[in-house]
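A.B. asks: okay, structure incoming, though there's no sequence with it:
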């Protein structure tokens, strides 16, 4: 055999070997994704039988809350729950983990949670399990609780009773009544343009043209906190209380329908018939992480789902798409349109 013939054979063998290596790399990536998906089926099945919700949320300080959790009957042991506090007007949230199992019918109290969020108006409770690799796997559905704004024993928090003439807890004043407009508001806070002293409080007007919550409309505000011109703020409420879910307060104090943060078309969906994962050309590949956001679809899947995992490309030369994971089987399909939202109602107005 000639040297030229041997060279041709060597080249062919090298090409074949390189092809096998490439196939091996691709298979390793795909197999890892499939293995994770199969493992999630068991977690997702467990989520179907679990129901943990907040039955009480009490503001016990300016930014501290006590939450009472209750688990319904049925299901396996859980890894714990995540409590998400939200102030929709300010657009901020705080997450608090409660690790450990809750037995069916068990009631658990998480006391004095420091959130850093004043006037939180919503709490979400999300159950998670611990998988074989000791990682938290969150259920894609959550239970919500709307906070009404009362303290532990009425307005004021910390066991305070507004209107009894004694300054208690977080009260700023108490003039022996619960009437606003006299300097000490119905929630026992000092109103803009007034100063209050003593118990029961005696309030007198001070200089300056301060704004109060009673004249929001006069200044064109529907929502939000604004400067009262006397080194304080006045509150014009939140949009969900005025118009229902799906509305948010914009930069000029007007309520508007919440808008999605990303939208596009579903690409591949896997595992087949289960729909725990999907990818899309429209999902950002860097600079953003939509974990913990919510998503809805135009196809058979009608729920607003929690995004339990957001994965950008790690080996872009092999697989250069971002994909999303759920902790629950879904009915999404290739070609469905999707929208990603910050809120758990996916912008749905009521």
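C.D. replies: Received the coordinates, thanks. What you see is a predicted model, and the numbers here were worked out from it, not measured in a lab.
A.B. asks: flag the shaky bits of the stretch 1-150 of the chain, pLDDT-wise.
C.D. replies: Across the stretch 1-150 of the chain, the ranges flagged by pLDDT under 70 are 1-12, 16, 18-41, 90, 148-150.
A.B. asks: rerun that using 90 as the cut-off
C.D. replies: By pLDDT under 90, the low-scoring segments of the stretch 1-150 of the chain are 1-51, 53-77, 85-94, 103-112, 114-124, 129-150.
A.B. asks: which parts of it are helices?
C.D. replies: Here the stretch 1-150 of the chain has its helices, by DSSP state H, counting those that start in this stretch, at 3-47.
A.B. asks: who touches stretch 62-74?
C.D. replies: Stretch 62-74 has contacts (C-beta atoms under 8 Å, 6 or more residues apart in numbering) with 49-60, 81, 83, 85, 98, 102-118, 120, 123, 125, 147, 152, 157, 170. Bear in mind the C-beta positions are built from the backbone N, C-alpha and C, glycine included.
A.B. asks: that one: how far from the chain's middle?
C.D. replies: Here stretch 62-74 is found 16 Å from its chain centre; the criterion is C-alpha atoms, centre = their mean, to the nearest Å.
A.B. asks: how about stretch 271-286?
C.D. replies: That offset, for stretch 271-286, works out to 21 Å (C-alpha atoms, centre = their mean).
A.B. asks: so how far is the first residue of it from its last?
C.D. replies: Using C-alpha to C-alpha, to the nearest Å, the end-to-end distance of stretch 271-286 comes out at 25 Å.
A.B. asks: before we move on, back to that, give me the subset of the contacts of stretch 62-74 lying in strands.
C.D. replies: Under the assignment DSSP state E, these contribute 52-59, 81, 83, 85, 98, 107-114, 123, 125 to strands.
A.B. asks: what about the strands in the stretch 251-350 of the chain?
C.D. replies: For the stretch 251-350 of the chain, strands defined by DSSP state E, counting those that start in this stretch occupy the ranges 255-257, 262-265, 269-270, 277-280, 294-297, 305-306, 309-311, 322-325, 337-341.
A.B. asks: can you report how many residues lie near residue 97?
C.D. replies: Residue 97 is flanked by 12 other residues according to other C-beta atoms under 10 Å.
A.B. asks: what bridges to it?
C.D. replies: Following DSSP bridges, residue 97 is listed with bridge partners residue 82.
A.B. asks: what does residue 144 give?
C.D. replies: residue 124.
A.B. asks: how much space separates the closest residue to residue 183 other than its chain neighbours from residue 266?
C.D. replies: Leaving out its chain neighbours, the residue that sits closest to residue 183 by C-beta to C-beta, 6 or more residues apart in numbering is residue 203, at 2.6 Å. Separation of residue 203 from residue 266 (C-beta to C-beta, to the nearest Å) stands at 60 Å.
A.B. asks: neighbour count: those two, which is higher?
C.D. replies: Between residue 203 and residue 266, counted using other C-beta under 10 Å, residue 266 has the larger neighbour count: 23 against 19.
A.B. asks: the residue lying closest to residue 309 once chain neighbours are set aside: neighbour count?
C.D. replies: In this structure, residue 309 finds its nearest non-sequential neighbour in residue 325, 3.3 Å apart by C-beta to C-beta, 6+ apart. Residue 325 has 20 neighbours, counted by other C-beta under 10 Å.
A.B. asks: do I have it right that residue 325 meets residue 276?
C.D. replies: Yes - counting by C-beta atoms under 8 Å, residue 276 is a contact partner of residue 325 at 6.2 Å.
A.B. asks: now for the closest residue to residue 275 other than its chain neighbours: which residues touch it?
C.D. replies: Residue nearest to residue 275 in three dimensions, not counting chain neighbours: residue 330, with 3.9 Å by C-beta to C-beta, 6+ apart. Residues in contact with residue 330 (C-beta under 8 Å, 6+ apart) are 140, 274-276, 301, 303, 305.
A.B. asks: now for those residues, which pair is the farthest apart?
C.D. replies: Taking C-beta to C-beta as the measure, the contacts of residue 330 span a maximum distance of 15.3 Å, between 274 and 303.
A.B. asks: looking at those two, which is more packed in?
C.D. replies: The neighbour count for residue 274 versus residue 303, taken as other C-beta under 10 Å, is higher for residue 274 (18 against 15).
A.B. asks: any idea how far residue 102 is from that one?
C.D. replies: Distance, residue 274 to residue 102, by C-beta to C-beta: 27 Å.
A.B. asks: repeat that for residue 126.
C.D. replies: Relative to residue 102, residue 126 is positioned 13 Å away (C-beta to C-beta).
A.B. asks: cool, and residue 46?
C.D. replies: Using C-beta to C-beta, residue 46 is found at 14 Å from residue 102.
A.B. asks: what does residue 248 give?
C.D. replies: In this view, residue 248 and residue 102 are 33 Å apart by C-beta to C-beta.
A.B. asks: same thing with residue 56?
C.D. replies: Distance, residue 56 to residue 102, by C-beta to C-beta: 16 Å.
A.B. asks: who has more neighbours out of these two?
C.D. replies: Using other C-beta under 10 Å, the more surrounded residue of residue 56 and residue 102 is residue 102, with 20 against 13.
A.B. asks: now the more buried one: phi and psi?
C.D. replies: phi -120, psi 130 (degrees, to the nearest 10).
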